[in-house]
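> A predicted structure for the sequence below; I have some questions about it.
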Amino acid sequence: MTTTMVRPPASARRKKPADHGSSGEKLFKATPLTWIGLVAGVILSLFPFYWMIVIASRTNDAANAWPPPFLPGGKLGENVERVLANADANIVTGLLNSFLVSGTITVATVFFGSLAGFAFAKLKFRGKNAMLLVILASMMVPIQLGVLPLYILMAELEWLNRMPSVIVPFLIGGFGIFMMRQYAEQAVPNELIEAARVDGCSTWRIYWHVVAPALRPAAAVLGLLTFMEQWNQFFWPFVVLADPANPTVQISLRTLNSAYFADNSQIFAGTLIATLPLFVVFIIFGRQIIGGIMEGAVKS
Amino acid sequence: MSLDFDTASPARSRGRRAEPKPDRERPRSLTRLDLKYSPYLYVLPFFVIFAIFGAYPIVYTVWIALTDRSPLNTTISFVGLDNFVELLTNDPQFWNAVVNTFGMFIMSTVPQLLIALMLANALNRRIKGQTFFRMAIAMPIITSTAVVALIFSMIYSRDFGLVNWALDLVGIDPIDWRANRFASWFAISTMVDWRWIGYNALIYLAAMQSISKDMYEAASLDGASRIRQFWSITIPQLRPTIIFTLIISTIGGLQLFTEPLLFTSGSGGLSGGSQGQFQTITMYLLDVMNQRFRWGYAGAVALVLFVLIAFMSVVNYLLARRISSDK
């Protein structure tokens, strides 16, 4: 595992012609079949988003019509107001909680991840390799395995139905440390650290003034991926946030869906609200997110 | 490739300014402490969190699974392997959940990875609007599984669903997607696929771009067709990446939970349909834990699930290694 997971600015590598075929052969030429496949892929990827808007902007009667509606209606504002006012789902609380949870975890993951990643990449200490192995192993274990004791632990800490239960266990994970370590190995020259050390910098000052600035691009990608992942968490919040009074936004959606009479236009207005923050993030940082996913592939 | 700071040699300290002697004693020992212990301080947060919320619950699960612990029992007694014996020999509902989970796992993973491969191959061509296509295909990744499940639940609704409407257009009778086991598996598999195909395609694309162009040049000089090149060069070169995606899909697929849970509206979500036709192992785990309050038994379910995931990951790894190295 010597390749970087994230290489310096993704934008620097985006020159299309360099990828393949600078000599102009027809090796990687697109055929009509390529286009058909790609267009079909795009339509299938985007249609559910479009349809979410269609249903979210219609009355419930129109949403449950035959044939189903394919064009947006004019009731979006009304449906959004209804879902925000829905006292059972508490979606406003859910949104605020989700921002709190995802934001806190993102900041912590980036900070602790870069700190530990720096230590693993550039410092020497006993037991380093064994510790790395533990971190790697921790990434393979599904949360279901320990869900019961974890639940009991939360009950004993009196964190059930409260936000610490969905924040504290996720403050730092193995993925963040690995990603930062891979990046730090490449992005921070040993000479730079050495020079700072010679000038009398403490390890902490080296981290803060030399390493942390160099890790910024990787930190951005890690932050984006972490935020998205945490925003979308469902399983664990479903287990520990059973009280609908204090949900995350995904749990609010579940409450909307549990209503005896499914009000689809309201449910879809809710899904739209829950997805909107990530839409914004994706539109602004789409390239970094895609770059981060593409570099996530293990290429050893 | 870390630096050996402990032995900062005179050769390295050329740049060090001469400092007045008396000052040097204290900072030096501080520096030594800093060098020796600060790395541990930096990796400590992970190990504290992992110990409390990762390792301890796992160890504790093993213990619980050997007891009859329940919030309803005033005393806890040690029952040995009883929970496991009951689970494996006398629990049709558990086996039903295992069959469902594996059925949906296979039904979703195979097309998911195949379509992702084909999409990545198309994205790897010289096309106009690369960025647009990548962004569009990656879009589903930003949604939560809860949102996906809710949207697709309506698409698969019996009376007014889009799929049944499309079937009606070609003269096929509407299908009750929740009533029939196979139909419900199919519906849930498409939810999984919709969200994950783009993700896998991007990973394959990244790996494809690192394959040397010379191989394709040589192959096309030898007269190998596009399809031949794909099977004889691209696929074998992608082997590590295919293994990676297979293992990720196994871990995710065997934990399947949110999609089937939200596939039914109303409160009985954990039972996975009227006959449990799409109840997965994770749903059953929570059912045992929070509806029947058999905590010891739930511990056994969790452990068996973990063993299944580990076993399937190894099987996938071996399979993937074989398939592509035979070429």
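Sure, I can see it. Numbers count the residues shown, from 1 in each chain, chains lettered A, B, ... in the order given.

> can you tell me how far the closest residue to chain A within chain B sits from A:Met154?
Here chain B gets closest to chain A at one residue, B:Pro57, 3.0 Å apart by CB to the nearest CB. All C-beta atoms are positioned from the backbone trio N, CA, C, and that covers glycine. B:Pro57 sits 10 Å away from A:Met154, going by CB to CB, to the nearest Å.

> Please verify my assumption that A:Leu123 contacts B:Pro39.
Yes - between A:Leu123 and B:Pro39 there is a contact under CB atoms under 8 Å: 4.3 Å.

> How many neighbouring residues does the closest residue to B:Ile64 other than its chain neighbours have?
Excluding its sequence neighbours, the residue lying closest to B:Ile64 (CB to CB, 6 or more residues apart in numbering or on different chains) is B:Gly299, at 3.8 Å. A count of nearby residues for B:Gly299, using other CB atoms under 10 Å in any protein chain shown, gives 29.

> Mind telling me what element B:Gly299 is part of?
Using DSSP states H and E, B:Gly299 maps to helix B:295-325.

> and that helix, which residues are buried?
Using 16 or more other CB atoms under 10 Å in any protein chain shown as the test for burial, helix B:295-325 gives B:295-306, B:308-310, B:312-313, B:316, B:320, B:324.

> got it, and stretch B:271-279?
Those would be B:271-273, B:276-279, for stretch B:271-279 by 16+ other CB under 10 Å.

> start to end distance for that stretch?
6 Å (CA to CA, to the nearest Å).

> repeat for stretch B:253-268
Termini of stretch B:253-268 sit 22 Å apart (CA to CA).

> quick one: the one residue in the stretch 1-150 of chain A that gets nearest to chain B from B:Gln229, how far?
Nearest residue of the stretch 1-150 of chain A to chain B, counting by CB to the nearest CB: A:Gly146, 3.0 Å away. As judged by CB to CB, A:Gly146 and B:Gln229 stand 46 Å apart.

> ditto for A:Leu133
Distance from A:Leu133 to B:Gln229, by CB to CB: 39 Å.

> Spit out the contact partners of the residue nearest the centre of chain B.
Chain B has B:Gly252 as the residue nearest its centroid, 2.9 Å off, counting by CA atoms, centre = their mean. Going by CB atoms under 8 Å, 6 or more residues apart in numbering or on different chains, B:Gly252 touches B:Trp196.

> For it, pull up the helix or strand it's in.
Per DSSP H and E, B:Gly252 falls inside helix B:239-254.

> need the residues of the stretch 201-327 of chain B near chain A, please.
B:202-207, B:209-210, B:213, B:216-217, B:220, B:226, B:240-241, B:244, B:251, B:255, B:257-258, B:261-262, B:265-267, B:269, B:282, B:285-286, B:289-290, B:295, B:298-299, B:302-303, B:305-306, B:309, B:313 (CB under 8 Å from any CB of the partner chain).

> now these: which count as buried?
Applying 16+ other CB under 10 Å to those flags B:202-207, B:213, B:216, B:220, B:240-241, B:244, B:251, B:255, B:257-258, B:261-262, B:265, B:269, B:282, B:285-286, B:289-290, B:295, B:298-299, B:302-303, B:305-306, B:309, B:313 as buried.

> Quick one: the buried residues of stretch B:271-279 as CSV, columns for pLDDT and secondary structure too.
Putting the buried residues of stretch B:271-279 into CSV (pLDDT from 0 to 100; DSSP: H, G, I helix; E, B strand; the rest coil) gives the following:
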residue, pLDDT, secondary structure
B:Ser271, 89, helix
B:Gly272, 89, coil
B:Gly273, 88, coil
B:Gly276, 92, coil
B:Gln277, 93, coil
B:Phe278, 95, coil
B:Gln279, 96, coil
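
> Need the per-residue pLDDT for the residue of chain B closest to chain A.
Note on B:Pro57: pLDDT of 94.

> distance of the residue lying closest to it once chain neighbours are set aside from A:Ser57?
Counting by CB to CB, 6+ apart, B:Pro57 lies nearest to A:Gly146, which is 3.0 Å off, once chain neighbours are set aside. Remark: distance between A:Gly146 and A:Ser57 (CB to CB) = 43 Å.

> Repeat that for A:Gly223.
Separation of A:Gly223 from A:Ser57 (CB to CB) stands at 33 Å.

> Between these two, point out the one with more neighbours.
A:Ser57 (24 against 20).

> contacting residues for the more buried one?
A:72-76, A:79, A:265.

> For these, give me a markdown table that also has pLDDT and secondary structure.
Shown next, in a markdown table, are the contacts of A:Ser57 (pLDDT from 0 to 100; three-state DSSP):
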| residue | pLDDT | secondary structure |
| --- | --- | --- |
| A:Pro72 | 90 | coil |
| A:Gly73 | 87 | coil |
| A:Gly74 | 89 | coil |
| A:Lys75 | 89 | coil |
| A:Leu76 | 93 | helix |
| A:Asn79 | 93 | helix |
| A:Ser265 | 91 | helix |
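
> Please produce a ChimeraX select command covering the buried subset of those.
Of the contacts of A:Ser57, the buried ones go into a single ChimeraX selection, burial set by 16+ other CB under 10 Å:
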select /A:73,75,76,79,265
